[in-house]
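Novice: need a structure here:
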Amino acid sequence: MVGNHLLQHRELSATAIGVAAYIQSLPEGAPVGIRALVARFPEGEMRMSSALRELERHGYLERRRERLETGRVVTRTYSYNRPPAGTDGPPPPDDHEPPPPPPNHEPGSASDHGPEPEPVPVPEPVPDPEPVPDPEPVPDPDPDLRPEPQGSAGPEAAAPRVHPGAAALLAGLRRHDPRLLLAERDVRRLAPGISAWLERGADPEAIGLTLSANLPEPLRSPASVLAYRLKVLLPPHLPAAPAARPVRRPDPFQTCDGCERAFRSPHPGRCRDCPPPEPRAAA
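Specialist: Down below sits the predicted model:
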């Protein structure tokens with residue numbers, strides 16, 4: 001029987017819980033090495049190795065290096081149905097000699113009741129020295145944070161500027177696709193990215209269509225998909241508008257002095273089809 005302490009463990013991954021349940025269902029001596037697990041499940045060696053390390057860290061597995069009669073050193077895996085409460089390691093050793101391993105016990109095999117390690121002598125208790133006050137914890141530097149410039153007004157002054165319509169645009173993405181229903185904290189986190197698009201002259205309707213088109217199936221984390229698209233698909237700045245050219249208006253209509261037809265010309269006179277007027281004779 002598999003206990004709830006394993007199936008509902010809050011610090012184990014789903015892969016580690018499934019591997020532990022599978023190992024506990026096997027008979028004693030069954031191979032449970034990484035190669036055997038990779039051959040049984042679709043997960044690769046990296047995930048299986050990580051799952052075994054999790055189980056070992058929380059006391060559900062113990063891997064020991066032992067020497068066979070032939071002199072070969074192998075690693076044996078021992079499975080525990082329930083580690084002791086309040087510990088992250090395997091159960092404590094008993095005060096008796098470990099029984100020899102069964103003849104069919106292969107290297108890297110499971111054992112629900114494997115031999116316990118030899119007892120370790122416990123040193124005499126030593127009185128604790130005078131308590132020394134712990135130094136103030138120094139927070140780890142965050143690479144995303146930048147040192148605040150001199151003369152700034154504080155965290156509020158260092159906060160990125162958010163466009164007034166950024167939050168409304170993010171909240172309205174669910175109109176394009178109901179799966180894009182974002183939490184309020186995700187809207188606050190993604191609003192600076194929308195502001196960068198709006199400041200570069202992108203149309204709000206075009207932003208909504210770009211962010212909601214061709215979404216992956218299944219959509220497990222809408223906020224992560226939107227954060228990736230806001231960063232990768234950021235449009236460039238609009239180029240400078242060309243200088244306005246003067247508009248050339250056509251010449252006005254004039255009435256020809258010879259045939260009285262209308263023609264375009266900047267000055268009154270004759271059209272090009274009429275001969276020029278004859279010069280007048282001097283009196």
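
Novice: which SSE is the most centrally placed residue in the chain in?
Specialist: For the chain, S224 is the residue whose C-alpha lies nearest the centre (C-alpha atoms, centre = their mean; 5.6 Å). Taking DSSP states H and E as the criterion, S224 maps to helix 222-232.

Novice: then G18?
Specialist: Here G18 is assigned to helix 14-24, by DSSP H and E.

Novice: CA-only coordinates of that helix in PDB, if you can.
Specialist: Only the C-alpha atoms of helix 14-24 are listed here, as PDB (Å, rounded to 0.1, in the frame of the first residue of the first chain):
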ATOM      1  CA  ALA A  14       5.100  14.400 -10.000                       C
ATOM      2  CA  THR A  15       7.800  12.300 -11.700                       C
ATOM      3  CA  ALA A  16       9.500  11.500  -8.300                       C
ATOM      4  CA  ILE A  17       6.100  10.400  -6.800                       C
ATOM      5  CA  GLY A  18       5.300   8.200  -9.800                       C
ATOM      6  CA  VAL A  19       8.700   6.600  -9.800                       C
ATOM      7  CA  ALA A  20       8.500   5.900  -6.000                       C
ATOM      8  CA  ALA A  21       5.100   4.300  -6.400                       C
ATOM      9  CA  TYR A  22       6.300   2.200  -9.200                       C
ATOM     10  CA  ILE A  23       9.400   1.000  -7.300                       C
ATOM     11  CA  GLN A  24       7.300   0.100  -4.200                       C
END
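
Novice: for the chain, just list every one of the strands.
Specialist: Here the chain has its strands, by DSSP state E, at 61-67, 73-79, 253-255, 262-264.

Novice: and the third one, what does it pack against?
Specialist: I take that to be strand 253-255. strand 262-264 (3 or more C-beta pairs under 8 Å, 6 or more residues apart in numbering; DSSP states H and E). For the C-beta atoms, the positions are set from N, CA and C on the backbone; glycine is no exception.

Novice: buried sites along the strand it packs on?
Specialist: Buried residues in strand 262-264, counted by 16 or more other C-beta atoms under 10 Å: F263.

Novice: and the contacts of it?
Specialist: Contact with strand 262-264 is made by P250, D251, P252, F253, Q254, T255, C256, C271, R272, as judged by C-beta atoms under 8 Å, 6 or more residues apart in numbering.

Novice: domain ranges for the protein, per the record?
Specialist: 1-93+100-115, 160-232 (automatic domain parsing).

Novice: could you identify which of the ones you listed has the lowest mean pLDDT?
Specialist: With a mean of 75, domain 1-93+100-115 has the lowest mean pLDDT of these.

Novice: distance from the chain centre to it, please.
Specialist: Its chain's C-alpha centre and that of domain 1-93+100-115 lie 31 Å apart, by C-alpha atoms, centre = their mean, to the nearest Å.

Novice: show me which of the contacts of strand 262-264 are buried.
Specialist: Among the contacts of strand 262-264, the ones that count as buried by 16+ other C-beta under 10 Å are Q254, C256, C271.

Novice: the first one pairs with what?
Specialist: Taking DSSP bridges, one finds F263 as the beta-bridge partners of Q254.

Novice: so what's it up against?
Specialist: A262, F263, R264, S265, H267, P268, G269.

Novice: quick check: the farthest pair among those residues?
Specialist: Across these, no pair lies farther apart than A262 and H267, at 14.4 Å, counting by C-beta to C-beta.
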